[in-house]
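# the following block contains a protein sequence and its predicted model.
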Amino acid sequence: MNFALTEDQMSTLAGLDQLIDAVAPPAPTEPCPFYHSANFDRAVAEAGYLDIAREDGFGALDAALITERLARLPCVIEAAASSIVAPALAIPAGTRPLALGATDLRHASRFLPVAQVLLIERHDQALMIEVDQANVEPVETLMAYPYGRLKTREPLKTRVVGDGATLRRRWRIALAVEAAGCMAAGVAQVVEYVKTRQAFGRPLGAFQAVQHRLAMAAEIAESTKWLAWRAAWSDSEDDAALAAGFAQARIASLTYDLHQFCGAMGLTLEFPLHLWTYRLRALAGELGGASAQGRAAAIATWGS
Amino acid sequence: MEFGWSDDERAYRDRVREVLKRTLPVDWERIAVHGPGSDAQTQFSRIFCAALAKEHLLITHWPKAFGGDDETVWRQFIMAEELWAAGEPRGPQYMNVNWVGPVLMQFGTEAQMDKYLPPIRAGQAIWCQGFSEPSAGSDLAALRTSAVPVDGGYRVTGVKVWTSYARHADTCFLLARIPSTNGTVRGKGSIIILLVDMRSPGILVKPIPSLVGEGDIHEVFFNEVFVPAQERLGAEGQAWEIIQFLLQHERVGIPRYEFSRRILDRAVANLKATGRWSDPTVQDRAGRALMLCEAARMLVYHIVDAKARALAADAFGSLARWAIVQADNGVNEFLTEFVPEGLLGEDPVQQAHHQRAIVAGVASGAAEIQLNLAAQRWLELPREPRRS
């Protein structure tokens, strides 16, 4: 048991931070429901960060550290599926961006408008579907990712790339890691806001009612992060379901509080809080939601 | 970053389990049902801790110079997890090895160490902690018990409350205040620590009947109790420094989540045996309770890891304490809803867990104080202005 980053991990994250400083776009100046940066996505991929789990001596935990750091940014790129899910399946490096799809293809999928392939689970298999962007219809949504749905669902070029359980397990880990980054950034954004916003002659953050709920939010963010990293390290069914379920079960209360403390400002698109909270709300409904993860964790731990 | 146990640590856990299996009597659950402060468990703690001492497992984390083995922080914590999950058979004596002994080693005189450490090492000492008062709980600095300097020592007068183990204690680790000459209460600098013989004339202990088990909480009245000067720990004015040191040793706290996790395992086994486990709602809720236990475990491990790597303590401990309260109460809610018969005379261990869970947010500083600390020291939010 040792929670310290290794030299390699520190060096990797320092390199990523440099790339972020050089290439990642700053917070948007114009109101926008989501903030995808194709340029930054390409730069991160070309620098090899999303293939780290495929390298000797590295693994899913290293991919998780990178994904969590990227999820804290206001701009969104497809990192979690490429770096955490794909390496466990028969998906060649560089086949990306990936969209993780609902089993029912009539529904919209995250990242589909920018994806090269779509991954779905069907009949206990992980299926990869080649995406023809001409067949993708973008979906307008509050959820702060690019969403789209397939215009036609037949014929599709599909290939089995692994078993459904592996896809589900890695998807749970990826979801938890991404949620951890979004939670950390959302909490940090609101903490800064309540330190400066004055009401009744003092900062909002000096009111105990606000302090307690933000401390609870911080506990949720930290718990999500450590459960997610443990799941990435162990790559086990129970840890993956616990991490994803813990995050999903708490997203509603956490996002409610973060918006509440920013008042009406938190409901505007010019205040960037939604860029994290509406990613979280999107993640809350994936893989069947918290109840599905609760049952999966219970069965993985105690059997059916 | 590494989240697994080494072979050595796994072997150590196995050894602790083997010793527990061999040492705990068949009627241990009956002994443990009324809690660590009960007559039965206090009496048993003297047998059990003596046995642990013989196995070289009682004070393993103490320095070799004081009879320990300089064991690692992680081994100490593995031991704590196993013992707490077993119902804490050390009873009140967990305090002695966790912090009373280390505080004495750091701040005690030779005479104090010679007097107090041997009974702790032998597993025969019972201490109580005279901190809280009717008007000073989490705000410890408001304490009013007075220690008036007199020839050869101090005369102590005041009331302590919620004092665990007081009825059986040999010695009280007492905080008191030297009154100012003009009668006003002064700050932390006037607090002193006295090691008080609980058989001293003028001490009256009154158990307070409660929901949390026998012997856990008392009122202790000190009426002009004489305490010799040589029983003062540290110098006058040094008490707050000693308290901070003590809290450092306590910062990891009790691994309560481990008991919650084990009682959850036990409840699921019961639900399976009685055909109630296949209900998806029950599975979901059990899974959610498990999430809380494992979240608390990870945050506590974060603190143990920091201690193992000799990093300075920070306010992360307050986040962990909040997570522990969530875990204890989350599991308690699950048990109360899905195995209610356990609290109706069918499972003494579940009742013991319930009694530990309802005190989790109150003991060792209210959970709301932990939230204050997390907000102000972890998130660096501004302090709420004091009312004038």
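That came through fine.
# return the residues in contact with B:Asp305.
A:1-4 (Cβ atoms under 8 Å, 6 or more residues apart in numbering or on different chains). Every C-beta, even on glycine, is put in place using the N, C-alpha and C of the backbone.
# need those in TSV with secondary structure and distance to chain B, can you?
Conversion of the contacts of B:Asp305 to TSV gives the following (DSSP: H, G, I helix; E, B strand; the rest coil; distance: Cβ to the nearest Cβ, whole Å):
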residue	secondary structure	distance to chain B
A:Met1	coil	6
A:Asn2	strand	4
A:Phe3	coil	4
A:Ala4	coil	6
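# so which of those is the most crowded?
Neighbour count (other Cβ atoms under 10 Å in any protein chain shown) singles out A:Phe3 as the most crowded of the contacts of B:Asp305, with 20 neighbours.
# residue ranges for the strands of the chain, please.
Just going to use chain A. Taking DSSP state E as the test, the strands found in chain A are A:98-100, A:109-110, A:117-122, A:125-130, A:136-139, A:147-150, A:158-163, A:198-199, A:202-203.
# nope, chain B
B:127-130, B:146-150, B:153-161, B:171-177, B:191-197, B:203-207, B:218-228, B:232-233.
# neighbours of A:Glu270, just the number please.
Neighbours of A:Glu270 (other Cβ under 10 Å): 10.
# and if you look at A:Ile20?
Considering only other Cβ under 10 Å, A:Ile20 is surrounded by 17 other residues.
# repeat for B:Asp14
Neighbour number of B:Asp14 under other Cβ under 10 Å is 11.
# before we move on, what about A:Asp56?
A:Asp56, neighbours per other Cβ under 10 Å, totals 5.
# rewinding a little: tabulate the strands of chain A (CSV), appending distance to chain B.
Compiled in CSV, the strands of chain A are given as follows (distance: least, Cβ to the nearest Cβ, whole Å):
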stretch, distance to chain B
strand A:98-100, 22
strand A:109-110, 24
strand A:117-122, 19
strand A:125-130, 24
strand A:136-139, 30
strand A:147-150, 27
strand A:158-163, 22
strand A:198-199, 11
strand A:202-203, 5
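# let's have these in CSV, adding mean neighbour count.
Below are the strands of chain A laid out as CSV (neighbours: other Cβ atoms under 10 Å in any protein chain shown):
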stretch, mean neighbour count
strand A:98-100, 26
strand A:109-110, 26
strand A:117-122, 21
strand A:125-130, 20
strand A:136-139, 16
strand A:147-150, 21
strand A:158-163, 16
strand A:198-199, 11
strand A:202-203, 14
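# among these, which is nearest B:Ile47?
Of all the strands of chain A, strand A:158-163 sits nearest to B:Ile47, with 53.9 Å by Cβ to Cβ.
# need the contact partners of that closest one.
A:88-91, A:119, A:124-130.
# pull the most distant pair out of the residues you listed.
Longest span within the contacts of strand A:158-163, Cβ to Cβ: A:Asp124 and A:Glu130, 21.4 Å.
# what's the longest helix in the chain?
Picked chain A for this. Selection of the longest helix in chain A by residue count, based on DSSP state H, yields helix A:164-196.
# sorry, I should have been clearer: chain B.
Longest helix in chain B, counting by DSSP H: helix B:280-308.
# buried sites along it?
Neighbour counts over helix B:280-308 (16 or more other Cβ atoms under 10 Å in any protein chain shown) mark B:282-308 as buried.
# and that helix, how far out from the chain middle?
Its chain's C-alpha centre and that of helix B:280-308 lie 20 Å apart, by Cα atoms, centre = their mean, to the nearest Å.
# what parts of the stretch 201-350 of chain B come near chain A?
Contacts of the stretch 201-350 of chain B with chain A, taken as Cβ under 8 Å from any Cβ of the partner chain, map to B:265, B:268, B:272, B:277-278, B:280, B:283-288, B:290-292, B:294-296, B:298-299, B:301-302, B:304-306, B:309, B:316, B:318-319, B:322-323, B:326.
# redo the strands of chain B as JSON lines? Include mean neighbour count and mean pLDDT.
Converted to JSON lines, these look like this (neighbours: other Cβ atoms under 10 Å in any protein chain shown; pLDDT from 0 to 100):
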{"stretch": "strand B:127-130", "mean neighbour count": "26", "mean pLDDT": "94"}
{"stretch": "strand B:146-150", "mean neighbour count": "17", "mean pLDDT": "95"}
{"stretch": "strand B:153-161", "mean neighbour count": "21", "mean pLDDT": "96"}
{"stretch": "strand B:171-177", "mean neighbour count": "26", "mean pLDDT": "96"}
{"stretch": "strand B:191-197", "mean neighbour count": "23", "mean pLDDT": "96"}
{"stretch": "strand B:203-207", "mean neighbour count": "14", "mean pLDDT": "95"}
{"stretch": "strand B:218-228", "mean neighbour count": "19", "mean pLDDT": "97"}
{"stretch": "strand B:232-233", "mean neighbour count": "21", "mean pLDDT": "97"}
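# model confidence over the longest helix of chain B, on average?
Taken as a whole, helix B:280-308 has a mean pLDDT of 96.
# could you find the lowest-pLDDT member of the contacts of strand A:158-163?
A:Asp124 (93).
# now do the contacts for that one.
Taking Cβ under 8 Å, 6+ apart, one finds A:163-165 in contact with A:Asp124.
# and if you look at B:Lys64?
B:Asp70.
# please apply the same query to the one 3 residues further on.
By Cβ under 8 Å, 6+ apart, the contact list for B:Gly67 reads B:59, B:117, B:121.
# show me the contacts for the second one.
Taking Cβ under 8 Å, 6+ apart, we find B:Leu117 in contact with B:66-67, B:101, B:104-105.
# let's see 7 Å
B:66, B:101, B:104 (Cβ atoms under 7 Å, 6 or more residues apart in numbering or on different chains).
# quick check, pLDDT for it.
97.
# how many residues are close by B:Glu110?
B:Glu110, neighbours per other Cβ under 10 Å, totals 7.
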